[in-house]
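Chemist: My questions are about this predicted structure, shown below with the sequence.
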Amino acid sequence: MSAVLKPLTPDQPMPKTAKLLQVTYLVILILLLVAPMLGLYPVFVMKLLCFALFACAFNLLLGFTGLLSFGHAAFFGSAAYVTGYLIKSHNLTPELGIAGGVIGAALIGLVVGLVAIRRQGIYFAMITLAMAQMIYFICLQAPFTGGEDGLQGVPRGALFGMLSLQSDTAMYYLVVAVFVAGFLAVSRIVHSPFGQVLKMIRENEPRAISLGYQVDRYKLLAFVLSSALAGLAGSLKTLIMGFATLSDVHWTMSGEVILMTLLGGVGTFFGPVLGAGIVIALQDTLADKVGSWVNVIIGVIFVLCVLAFRKGIVGELQSFRERRRRRGAQ
């Protein structure tokens, strides 16, 4: 035969599927742009986008590299503190404060990664948790973090010293732009040759080693990139809310981002965004009605999702579509 037909993989979607995804993303982008005009509370949507970016950063590590971190709150929270401190105490502009937070999170990620990647599985996860608890203790004791009160009253300032971010509308469109850039960055990383190596490490690390790849370097770079993106989300959160507290760096924050990613679908692009949207929407909607019971409700939903949708919501939808395609081909 002059040609051999190869089955399409999830990373090589059918043309119709790819076109549908492009249309879906375009519709979502349009909805984000017109959301303030539709009456949606800008601060709520901004908070949702921050945690969606945080979940995408975590998914880059877990879903596409196969590394489970129990300490990603360390990067989210440390960047939030660094950004708040630089803007409030040193009067830096927002973009410089965000850059400082991202760089700080990346450096912490480099240190944690150098220690953690020497181990695998549960040992890797526990090392990240232990290192994150050390960051939590530093944020609790350091004089510039405000201790248990945290950093309060962080001003939004003016972007590049010209565009004021005091308006929720101006801040909203900045957050949308950063989220879209972060989402596209994750997509570009995953579809690059570097991302293909990460997937190979996830699927069969011994084989990647046998092919001559320096696996530890790839995992370390993936860890640092994930940490930097998580730090970007934390920096934006500080600008939006005007404060950074110990809850940003607490281990429960690491648990929340794991929940968001698993709920939406590990290893999918839109799954973490959907999972973050569900969790944040439930927290904001039910907090005033049921109080602390909201965590119990979210936990029950998570258990049901794990039992019924082991691949997450988006993952199960993709599997269902793939099964239908195969039946149609047969």
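Modeler: Great, that's in hand. Residues are numbered from 1 along each chain as shown.
Chemist: Tell me how many other residues crowd Gln120.
Modeler: By the criterion of other C-beta atoms under 10 Å, Gln120 has 14 neighbours. (Glycine included, C-beta is placed from N, CA and C.)
Chemist: again, but for Leu26
Modeler: Residues lying near Leu26 (other C-beta under 10 Å) number 10.
Chemist: ok, now how distant is it from Lys19?
Modeler: To Lys19, Leu26 is 11 Å away according to C-beta to C-beta, to the nearest Å.
Chemist: With adjacent residues omitted, what lies nearest to Ala116?
Modeler: Ile127 (4.4 Å; C-beta to C-beta, 6 or more residues apart in numbering).
Chemist: what's the average pLDDT for the helix or strand harbouring that neighbour?
Modeler: Using DSSP states H and E, Ile127 maps to helix 121-141. When pLDDT is averaged over helix 121-141, the result is 92.
Chemist: same question, stretch 157-168
Modeler: 87.
Chemist: could you dump it to CSV, C-alpha only?
Modeler: Presented in CSV, the C-alpha positions along stretch 157-168 are these (Å, rounded to 0.1, in the frame of the first residue of the first chain):
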residue,chain,number,x,y,z
GLY,A,157,-2.0,51.0,41.3
ALA,A,158,-1.7,51.9,37.7
LEU,A,159,-0.5,49.6,34.9
PHE,A,160,2.9,50.9,33.5
GLY,A,161,2.2,54.0,35.6
MET,A,162,-0.5,55.1,33.2
LEU,A,163,-3.6,52.9,33.2
SER,A,164,-5.4,53.0,36.6
LEU,A,165,-6.6,49.6,37.8
GLN,A,166,-8.9,51.0,40.5
SER,A,167,-11.9,50.3,38.4
ASP,A,168,-13.1,46.7,38.5
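Chemist: Helices of the stretch 1-150 of the chain, residue ranges please.
Modeler: Counting by DSSP state H, counting those that start in this stretch, one finds helices in the stretch 1-150 of the chain at the ranges 15-34, 42-65, 73-90, 94-116, 121-141.
Chemist: Identify the residues contacting Pro36.
Modeler: 42, 168-169, 172 (C-beta atoms under 8 Å, 6 or more residues apart in numbering).
Chemist: Now tabulate those in CSV and tack on distance to Gly277.
Modeler: Shown next, in CSV, are the contacts of Pro36 (distance: C-beta to C-beta, whole Å):
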residue, distance to Gly277
Pro42, 15
Asp168, 19
Thr169, 21
Tyr172, 16
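Chemist: Highest neighbour count among those residues?
Modeler: When neighbours are taken as other C-beta under 10 Å, the top entry among these is Tyr172 (22 neighbours).
Chemist: Can you tell me the element that one falls in?
Modeler: Here Tyr172 is assigned to helix 168-191, by DSSP H and E.
Chemist: who's in contact with whatever helix or strand comes next after that helix?
Modeler: On the C-terminal side of helix 168-191, the nearest following helix or strand under DSSP H and E is helix 193-203. Identification of contacts with helix 193-203 by C-beta under 8 Å, 6+ apart yields 11, 64-66, 189-190, 207-208, 213, 215, 218-219, 221-222.
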